[in-house]
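J.: Below are the sequence and a predicted model; questions follow.
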Amino acid sequence: MKKKNQKPIDTDVHLKYCCPNINCKYDHWLSLREASTKNFKVVCDCGEIFSVKRVSRVKILYVKSIAQQTQSKKDNSIPLDILEKCCKLLVKYGFTDSESKKILDATYKQNPTDDCGELIKLAIKNIGALNE
């Protein structure tokens, strides 16, 4: 009998924070519940009291199967939500809507990324190379 790949049924997540005191640097482990609590404070042994940036959730990403990987390689077009966000930014820099879409599409095909900031940086950096 072939066993299926199972996914976890529960998680136990802890996050590591370092005391901001230069002379201390003691590590503190907080549970996900603590890290997601509004105004949660950590009291270090050195007397330093600090709060942490709230964590809303932790997402588990699974490795894609070979079939999914080949499908994503074939479909190398930029997702529409990312295209719209990035296009608005490039229009603010003086590009037309069609120029923005062309630049972003070419940049995404070379460097597929879901990070809008990174895609904009690469697009602006590669504008000269795209015109050649």
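T.: It's in.

J.: Number of residues surrounding the nearest residue to residue 78 once chain neighbours are set aside?
T.: Once flanking residues are discounted, residue 78 sits nearest to residue 108: 4.0 Å by C-beta to C-beta, 6 or more residues apart in numbering. For every residue, glycine as well, the C-beta is placed using N, CA and C. The number of residues packed near residue 108 is 21, by other C-beta atoms under 10 Å.

J.: sec struct for residue 108, please.
T.: helix (DSSP: H, G, I helix; E, B strand; the rest coil).

J.: dump the residue contacts of it.
T.: Counting by C-beta atoms under 8 Å, 6 or more residues apart in numbering, residue 108 touches 76-78, 82, 119.

J.: Kindly report the same for residue 107.
T.: 119, 122-123, 126, 130.

J.: repeat for residue 58
T.: 11, 13, 32.

J.: can I get those in CSV with distance to residue 46?
T.: Listed next are these as CSV, based on distance: C-beta to C-beta, whole Å:
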residue, distance to residue 46
11, 31
13, 26
32, 25
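
J.: So which of those residues belong to helices?
T.: If you go by DSSP state H, the contacts of residue 58 have residue 32 in helices.

J.: Centroid-nearest residue for this protein?
T.: Centroid check for the chain by C-alpha atoms, centre = their mean gives residue 115 as the closest residue, at 6.5 Å.

J.: could you check the distance from that residue over to residue 9?
T.: Distance, residue 115 to residue 9, by C-beta to C-beta, to the nearest Å: 31 Å.

J.: again with residue 125
T.: From residue 125 to residue 9 the distance is 45 Å (C-beta to C-beta).

J.: picking that back up, kindly state the pLDDT recorded for the residue nearest to the centre of the chain?
T.: We have a pLDDT of 85 for residue 115.

J.: Since that was my last question, I'll sign off now.
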